[in-house]
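>>> sequence plus the predicted model coming up.
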Amino acid sequence: MSGSREGVSEQTMLRVVVPCFGEEVAPSFSATRRFRVWELERGIVTDYREVAMYVSPGLQRVKLMRKLGVDVLLCSGIENQLRMMLEADGIKVVAGIKGLANDALFGYLAGRIEYQPLESTSLDLQALKPHTADLVEWTRDLFIRHQWDVSPIRRTDLFPMDLIAEKECPECGKRVRAGVCCGAHCVKVREEIAELRRVTAYGYNARVYVNNAIDVIVDACREYEVELLDPTAFHRSGNGHNFVLPPLRGIILEHETIFHKKKEG
């Protein structure tokens, strides 16, 4: 494996997790029932424990990694969508590892196994096929963590919108209302984005499409003035000045002042 190691041994604190089957790295992140958790300080193991996980849905495992405060996940097989969610939470995922779990840890620390970022440009739409329920829950949790009020959509006339997110504008105090579609409801993503634009034409200050930033999606979002939120590019460190109202970066209709102030700052 190749990629950037970024001074593993020099990091002050590091929490590394390996999904296990017996003493080996488990073949599937989604199916394993046991995780080994190491805490290290400047490359020295200071704590070790094992965590059991019997719930099947992949999103529960993503939440467990977040709860554990994982910095690095060393695994064998993992679905692209789950890896995308973990990477979006700032967790480095090193996949394709086989052999003993302990060897995986020390191979990573020694630099024989290196982290390689997940490149959204190399992702194939058909290969990804996001699990919509997981993606909706991830998006809902993301907005809630940024103090948005989030409501699920149950009206069929608002398809393909999944969520409505609302928050008070820090400039004028009025409510900002965003219609959110977590993609993969249908294969024809261009039509899906166009329909999102139609159902949010009135009464919404922002419209958001959550999916991977591949060319067909980027072009359609630009054409229909929909903000694309790509989980592969969204990290915990991404709360900087380029965000208007995190996790949104784009212009918020009827609240353009805050957008321009953020860009100027």
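Great, that's in hand. Numbering: from 1, shown residues only.

>>> please tell me how far P152 sits from Y209.
Separation of P152 from Y209 (C-beta to C-beta, to the nearest Å): 17 Å. Using the backbone N, CA and C atoms, a C-beta is placed for each residue, glycine as well.

>>> same drill for those two, tell me which one is more crowded.
Comparing P152 with Y209 by other C-beta atoms under 10 Å, the one with more neighbours is Y209, at 24 against 10.

>>> so which residues of the stretch 51-200 of the chain form helices?
Here the stretch 51-200 of the chain has its helices, by DSSP state H, counting those that start in this stretch, at 58-68, 80-88, 101-110, 125-128, 132-145, 189-199.

>>> and those helices, which one is worst for confidence?
Least confidently modelled of these is helix 125-128, at a mean of 44 by mean pLDDT.

>>> low pLDDT regions in the protein?
1-11, 55-57, 118-132, 184, 186-187, 232-242, 258-265 (pLDDT under 70).

>>> tell me how far stretch 221-229 lies from the chain's centre.
Centroid separation for stretch 221-229 versus its chain: 19 Å, with C-alpha atoms, centre = their mean, to the nearest Å.

>>> list the contacts of it.
139, 193-194, 196-197, 206-211, 213, 217-218, 220, 247-250 (C-beta atoms under 8 Å, 6 or more residues apart in numbering).

>>> same deal with stretch 135-146?
Against stretch 135-146 from outside (C-beta under 8 Å, 6+ apart): 59, 62-63, 81, 85, 88, 150, 152, 162-163, 165, 167, 180, 182-184, 210-211, 229, 231, 234, 245-247.

>>> if we use 7 Å, what do you get?
The contact list for stretch 135-146, computed with C-beta atoms under 7 Å, 6 or more residues apart in numbering, reads 59, 85, 150, 162-163, 165, 180, 182, 184, 210, 231, 246-247.

>>> who touches the closest residue to Y108 other than its chain neighbours in this structure?
Closest residue in space to Y108, ignoring its immediate chain neighbours: L74 at 5.9 Å, by C-beta to C-beta, 6 or more residues apart in numbering. Shown in contact with L74 (C-beta under 7 Å, 6+ apart): V16, V18, V94, I97, A104, L105, Y108.
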